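*Asks:* With the input below, show me the fold.
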Amino acid sequence: MNKLKFTLIFIPLIFFLADCSASTGSRYEKNEKTNGNGDKKKVTVNEDFDITRYKTKIEIKIISNNEGLSDVWYGYENGSQESNFIQNRKIVGTVDGYRVLVVATDNMDEANSIRADIRIKIKRKEVYISFEPPFYKVKIGDFTDITESNNLKFKLNQLGYTEARVVQETVNIFEE
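*Replies:* Numbers count the residues shown, from 1 in each chain. Below you'll find the model as predicted:
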């Protein structure tokens, strides 16, 4: 019987004390104080913490378009046929051949930026963007020989375009 009385008194007392200690009322009260007349006065807290001392300085090295590319072309000479490509050539006809598919994306701006980047890096003008719903595909070259297209794929892999692959397609024949 004594245990029952003790339990009936002690358990509610524990709940009461636990409830008082977890009160959130003081956390969310307004910061107001009263002066001697009972008028409420708003208290403001001045923040004097300056975060600028903790900012990290980030330095980014800007690489020009031609800097560092000679190291990438392992086994290829600088004076190759690709760099001597003539921009204005006349298309004579088409034939079955190969192109290197660099990327397939659903973002037209991304496809255009990759096209411009590739034109700068490998100095080829025959970089095409074709829209095959829902993707914009960036393709390079008009190759009739698969070994030439595989060589270009290898170069693109060295430049970081690891998803580049050779695809069979109708290619242009240019007037020489």
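
*Asks:* what's the least confident helix or strand in this protein, going by average pLDDT?
*Replies:* For the chain, counting by mean pLDDT, DSSP states H and E, strand 32-34 ranks last in confidence among helices and strands (a mean of 58).

*Asks:* I figured Val127 hits Arg119, correct?
*Replies:* Yes: assessed by C-beta atoms under 8 Å, Val127 is found in contact with Arg119 at 5.5 Å. Quick note: C-beta positions are derived from backbone N, CA and C, even for glycine.

*Asks:* Who has more neighbours out of the two?
*Replies:* Legend: neighbour count by other C-beta atoms under 10 Å for Val127 and Arg119, higher for Val127 (19 against 14).

*Asks:* mind listing the strands for this structure?
*Replies:* Taking DSSP state E, the strands of the chain run over residues 32-34, 40-42, 91-105, 127-132, 135-143, 165-174.

*Asks:* from the ones you listed, which stretch is densest packed?
*Replies:* Of all these, strand 135-143 carries the top mean neighbour count, a mean of 21, counting by mean count of other C-beta atoms under 10 Å.

*Asks:* Run me through the strand neighbours of it, direction for each.
*Replies:* Neighbouring strands of strand 135-143 in its sheet, by DSSP bridges, are strand 91-105 (antiparallel), strand 127-132 (antiparallel).

*Asks:* Let me have those in CSV, extended by distance to Lys5 and mean pLDDT.
*Replies:* Below are the strands paired with strand 135-143 laid out as CSV (distance: least, C-beta to C-beta, whole Å; pLDDT from 0 to 100):
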stretch, distance to Lys5, mean pLDDT
strand 91-105, 77, 93
strand 127-132, 84, 92
